[in-house]
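> Sequence first, predicted coordinates after that:
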Amino acid sequence: MNARTAPSSVTFKALLADDHPLIREGVRHVVARLAPRTIILDAHDYPSLFAQAALHTDLDLALVDLNMPGFVGIQGIAQFRSRFPDIPLVVLSASEAPQDVRQVIGAGALGYIPKSSSTEIMLRALRQVLAGYVFIPRFGSDAEVTAAAPGAQIPGLQHAGLTARQFEVARLLARGCPNKTIAELLALSESTVKIHVAAIFRALGVNNRAEAVLAMQRRTQG
């Protein structure tokens with residue numbers, strides 16, 4: 001099935017990676033509710049995660065613990081994203097540190113689910129990712145942030161005269177994130193984000209966010 005399409009009656013294949021068997025068993029029951037027919041593969045560390053992903057190239061989802069043996073935190077996520085860019089990746093973590101969320105989303109994951117989340121929050125997060133959205137939690141409540149995600153990479157902007165920080169803002173802008181969310185993810189003030197967004201508009205030759213997102217979508221598709 002299309003990995004960016006919500007599950008229907010076809011078989012849904014997910015890879016669940018966590019070094020704690022009890023966590024895998026609990027999350028397995030949640031993932032099984034995503035579709036009538038599911039195949040759920042297990043991995044217990046980053047090496048077994050990479051091996052499973054290489055063997056099963058038709059995965060619809062990889063749900064991965066941030067901290068597992070084999071790599072230190074974000075290094076493993078970045079490696080997975082680099083090796084398997086077409087597999088939708090969601091991170092499941094006990095960490096509720098904002099910097100971990102920023103790093104994970106910045107590395108290309110489509111969602112970050114705290115292990116403290118309820119079953120319903122986790123299900124909603126996974127369904128939103130499979131429908132083509134980014135899931136970003138707000139810790140301390142059952143509220144969450146979702147943003148459209150047309151693509152993590154924006155070909156052509158690398159040589160548009162943007163700074164490294166402006167390019168990071170552009171990636172989140174392309175996903176449909178509002179200024180407040182961008183500010184939270186990048187640890188910036190909203191006024192600073194507005195300055196960066198204005199620079200991106202000038203680089204793209206557009207006048208508003210809608211035109212900017214369309215322009216970046218065209219660059220991504222082209």
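Done, it's in.

> okay, CA-based contacts and neighbour counts for the rest of this
OK.

> Which helix or strand in this structure has the lowest average pLDDT?
Using mean pLDDT, DSSP states H and E, strand 144-148 stands out as the lowest-scoring helix or strand of the chain, at a mean of 52.

> Next secondary structure element downstream of it?
Counting by DSSP states H and E, the next helix or strand C-terminal to strand 144-148 is helix 164-174.

> Tell me where the model's unsure across the protein.
Within the chain, the stretches with pLDDT under 70 are 1-10, 138-161, 217-222.

> the strands in the protein, which residues?
11-17, 37-43, 61-65, 89-93, 111-114, 133-137, 144-148 (DSSP state E).

> need those in TSV with distance to residue 99, can you?
Formatted as TSV, these follow (distance: least, Cα to Cα, whole Å):
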stretch	distance to residue 99
strand 11-17	22
strand 37-43	25
strand 61-65	16
strand 89-93	13
strand 111-114	12
strand 133-137	12
strand 144-148	16
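
> okay if I get those as CSV plus distance to residue 76 and mean neighbour count?
What follows is the strands of the chain, written out as CSV (distance: least, Cα to Cα, whole Å; neighbours: other Cα atoms under 10 Å):
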stretch, distance to residue 76, mean neighbour count
strand 11-17, 12, 23
strand 37-43, 13, 17
strand 61-65, 10, 25
strand 89-93, 11, 24
strand 111-114, 15, 26
strand 133-137, 19, 24
strand 144-148, 24, 17
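
> Looking at the ones you listed, which is nearest to residue 172?
For residue 172, the closest of the strands of the chain is strand 144-148, at 8.8 Å, according to Cα to Cα.

> most residues in a single helix of the protein, which one?
With secondary structure taken from DSSP state H, the chain has its longest helix at helix 190-204.

> now what about it, what contacts it?
For helix 190-204, contacts defined as Cα atoms under 8 Å, 6 or more residues apart in numbering pick out 160-162, 166, 169-170, 179-180, 182-183, 207-209, 212, 215.

> Highest neighbour count among those residues?
residue 170 (27 neighbours; other Cα atoms under 10 Å).

> Nearest spatial neighbour of that one, chain-adjacent residues omitted?
Leaving aside its chain neighbours, residue 170 sits nearest to residue 200 (6.8 Å; criterion: Cα to Cα, 6 or more residues apart in numbering).
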